[in-house]
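S.K.: here's a sequence, model it:
(2 chains)
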Protein chains: 2
Amino acid sequence: METPRTAAGTRLDPWVDAYAARTRGLTASQVRALFAVASRPEVVSLAGGMPFVSALPLDQLADTVSRLIRERGHQALQYGSGQGDPVLREQILEVMSYTGITAHPDDIVVTAGSQMALDLVVRVFCDPGDVVLVEAPTYVTALGVFSSYQCDVVHVPMDDEGLRPDALRQAIAAVRASGRTIKLLYTIPSFHNPGGVTQGPARRTEILEIARREGILLLEDDPYGLLGFDGSVPRAIRADEPEGVIYLGTFSKTIAAGLRVGWALAPHGVREKLVLANETATLCPSQYTQLTVSEYLATQPWFDQVTVFRELYRERRDALLESLDALMPAGTTWTVPAGGFYSWVTLPEGLDATAMLPRAVAALVAYVPGVGFYADGQGRDSLRLSYCYPEPDRIREGVRRLAGVVEAELEVAETFGSPAPRADREGPASPRPDQA
Amino acid sequence: METPRTAAGTRLDPWVDAYAARTRGLTASQVRALFAVASRPEVVSLAGGMPFVSALPLDQLADTVSRLIRERGHQALQYGSGQGDPVLREQILEVMSYTGITAHPDDIVVTAGSQMALDLVVRVFCDPGDVVLVEAPTYVTALGVFSSYQCDVVHVPMDDEGLRPDALRQAIAAVRASGRTIKLLYTIPSFHNPGGVTQGPARRTEILEIARREGILLLEDDPYGLLGFDGSVPRAIRADEPEGVIYLGTFSKTIAAGLRVGWALAPHGVREKLVLANETATLCPSQYTQLTVSEYLATQPWFDQVTVFRELYRERRDALLESLDALMPAGTTWTVPAGGFYSWVTLPEGLDATAMLPRAVAALVAYVPGVGFYADGQGRDSLRLSYCYPEPDRIREGVRRLAGVVEAELEVAETFGSPAPRADREGPASPRPDQA
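M.R.: Model (predicted):
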């Protein structure tokens, strides 16, 4: 049953028939080549989700790390525990306390970014064909994880307060009527990526009650929770339910994405499985990155820096919203984020954000088309705008260019009629984080 | 089909019935508690595989990293490419050139340690029930990966030159006769972990010819290749076969394990899949750790440091072998490593290394029992000794203690007869890298 070798020198893949079934779910985005173009400096990219790390106190961080290596190099450069550094896990409790969470450090698993934690949770829980309930739209690389473990993704609609409880109940009933098993409800309650919306306290309680009643494990992804623009931190769902929620956190947005330090807080029995899975996947998280974070938290005014980030992103959010208000043609709508990095834009009827992207890039502005945030081909009329990385003036210029493109599309549609909706479905399609 | 919740407050796992089938393969080692004891300073640990990172030039490394953050912090702290930093990939080519490998940087994928690369290769290729051929014994956490993807592990015996070609041919024929699919041949040709043996050039050629003829993808794991004690570097199998070999490398032993920077060099089509899988698992490898490695390679005499490590480990290997020669009771045999970290010890007939471990730890010496390096319960009469971390005098003291324990076991066996072999099989059982 092994694959016969093809002739040497060909660029065809001689192992094409040897891949696992799950590998069919790994496909390169059709728009990726376009994003490579979009990373040119003359393009205003409202596409990528890169935090603005240049705002960090680099000199202090350099001193912190230099001291760490000199004084504790034997520890920072060595293998560590598969669960993560014990001191860092204590410090993570302090970080999570802003969201109302109380927990034991033994129930935290540190991972190579919270992406790895998400991967491990799905690895531990999901057999092929198991259903994961997710928001519509949802985080694009979460869809990649679900796909790579051959999960069946079922989208649940959102409104201006995020996941809709009525739609959640309907989805659960429909999935169960079809005889399938629901393993996880994946939700981003605060400053949603890509939706830009936030679940209020009553909404969270209602969703939690549904999960409890139905016996569904809730996977709460909270990368942006500390980045609320009014200075408050939404109370995590996990704060009110320790046994039925796995909470994912990260330092990517509060310190630096390049460190790749995230974590899962999980019920005790689940935590044991996640540690074993973490050891299998990476042996242990990097001591070097963990102790860098730990020293930074211990010696620098880290929460003041979070406040700096909040102000910076709030200013950029304002620049985006003011420009959208002033410039976008009638019929375009968008969400008003109270924190985080993103606004979700819905185009006037008949326009297709995927088809429009090449013309936007030609006009020197980039965004991520909505279809990338769905597993089922929804989202053609939508797109995600990120305001986290460009300076406010660049954001304004980007929206000006985008508004021009949308207006031109509308003119074409009025002249020639709307293009027929494309029948083909695309999988998740998003730029690499550093590309756009 | 969801799991009903148990009463609040119980420490029983309410999600015990919700795990994926693959999670059954994730079990904590029965000897792990013992290794926690073995990490006490009074115990001489010949168990763990920790490199001796204190030999690194820590002041120079501190200066390098400090400069990196000050001058390129915006890059080192940001998201990066899912394939890894392009400059580092060029430098990895230089590192691999010592093994005879020539390649294109586009065919390298940087990962969070080579463990992650191993995980991704198996993820991309192996469906449940697919066969992976491995040496007997083999690297313990590789067994963990194969188990977590529900592979069927088939061990192939080794001799003093590693994997035996005759046994490999037999194993392939037997697996195929059973109707199963062989996806990978996983081998550690140089300074084997745990076997301590090295394939000579003719042996490598013969194994490669078998893999070619049978159309089996060869997965070459080479963490120790640069650490040969006579100063030569064995030629990698990949050096003679670019399309049929995936080569795994790491900086864990040549720079520092705490960085978690490894890589896979793969045939072009496979590399594309690995990049997509890498993005799904971790979004991207850490720019911070990658640029730390890159700066160190660019500004420090990194190969001189490898020579320092070689000398240091050779001295420790000598201390181990001399002590074993002088002290171990007749009937005990061991391999003579020409590089790397490990020697594989076979006890006199009738002794059981797993049963003996508690008594060894009581005598203040620790090792890893042989069964941990097999998927099928072999190895009861064997154990792995690591000489990489303790100072030579500690190694001698450790062997003295171990010899005393073996002698006492022999006396018991002569007085009361050998204990009946235990019927139960244990899964892979090894200490955490930092524990033992």
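
S.K.: and the residue of the stretch 1-150 of chain A nearest chain B?
M.R.: A:Asp13 (2.6 Å; Cβ to the nearest Cβ). For glycine as for every other residue, the C-beta is placed from the backbone atoms N, C-alpha and C.

S.K.: in a helix, A:Gly350, correct?
M.R.: No: going by DSSP: H, G, I helix; E, B strand; the rest coil, the assignment for A:Gly350 is coil, not a helix.

S.K.: what about it, neighbour count?
M.R.: 16 (other Cβ atoms under 10 Å in any protein chain shown).

S.K.: again, but for A:Arg180
M.R.: Applying other Cβ under 10 Å, I find that A:Arg180 has 15 neighbouring residues.

S.K.: so it, which state does it fall into?
M.R.: Assignment for A:Arg180 (three-state DSSP): coil.

S.K.: give me the element the residue nearest to the residue of the stretch 1-150 of chain A closest to chain B when sequence neighbours are not counted is part of.
M.R.: Excluding the flanking residues, the one nearest A:Asp13 by Cβ to Cβ, 6 or more residues apart in numbering or on different chains is B:Gly269, at 2.6 Å. Counting by DSSP states H and E, the element that carries B:Gly269 is helix B:268-282.

S.K.: tell me the buried residues in the helix or strand following that helix?
M.R.: Using DSSP H and E, the helix or strand that directly follows helix B:268-282 along the chain is helix B:287-299. Within helix B:287-299, the residues that qualify as buried are B:Gln287, B:Tyr288, B:Thr289, B:Gln290, B:Leu291, B:Thr292, B:Val293, B:Ser294, B:Glu295, B:Tyr296, B:Leu297, counting by 16 or more other Cβ atoms under 10 Å in any protein chain shown.

S.K.: which residues are in contact with the fourth one?
M.R.: For B:Gln290, the contacting residues are B:Gly80, B:Gly84, B:Asp85, B:Leu88, B:Val110, B:Val261, by Cβ atoms under 8 Å, 6 or more residues apart in numbering or on different chains.

S.K.: can you check the last one too?
M.R.: With contacts taken as Cβ under 8 Å, 6+ apart, B:Leu297 has the following neighbours: B:Leu88, B:Gln91, B:Glu94, B:Val95.

S.K.: among the residues you listed, which ones are in strands?
M.R.: Among those, no residue falls in strands (DSSP state E).

S.K.: what's the closest of those residues to chain A?
M.R.: When these are compared for distance to chain A (Cβ to the nearest Cβ), B:Leu88 wins out at 13.3 Å.

S.K.: before we move on, the earlier item: got a markdown table for the contacts of B:Leu297, with distance to B:Leu327, neighbour count and pLDDT too?
M.R.: As requested, the contacts of B:Leu297 are exported to a markdown table (distance: Cβ to Cβ, whole Å; neighbours: other Cβ atoms under 10 Å in any protein chain shown; pLDDT from 0 to 100):
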| residue | distance to B:Leu327 | neighbour count | pLDDT |
| --- | --- | --- | --- |
| B:Leu88 | 45 | 26 | 98 |
| B:Gln91 | 44 | 18 | 98 |
| B:Glu94 | 43 | 11 | 98 |
| B:Val95 | 38 | 21 | 98 |
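
S.K.: so which of these belong to helices?
M.R.: Of the positions in the contacts of B:Leu297, B:Leu88, B:Gln91, B:Glu94, B:Val95 sit in helices, assigned by DSSP state H.

S.K.: now tabulate the residues you listed in a markdown table and tack on distance to B:Arg380.
M.R.: A markdown table is the format used below for the ones in helices among the contacts of B:Leu297 (distance: Cβ to Cβ, whole Å):
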| residue | distance to B:Arg380 |
| --- | --- |
| B:Leu88 | 43 |
| B:Gln91 | 44 |
| B:Glu94 | 44 |
| B:Val95 | 39 |
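
S.K.: so which of the residues you listed also contact chain A?
M.R.: Checked against chain A using Cβ under 8 Å from any Cβ of the partner chain, these give no members in range.

S.K.: and the strands in chain A?
M.R.: Going by DSSP E, chain A shows strands at A:44-45, A:108-111, A:131-136, A:152-159, A:162-163, A:182-187, A:217-221, A:245-250, A:262-265, A:333-334, A:342-346, A:365-366, A:368-369, A:382-386.

S.K.: those strands: which one's closest to B:Leu218?
M.R.: strand A:108-111 (30.3 Å; Cβ to Cβ).

S.K.: show me where the stretch 1-150 of chain A has helices.
M.R.: A:32-38, A:58-76, A:86-97, A:113-125, A:140-148 (DSSP state H, counting those that start in this stretch).
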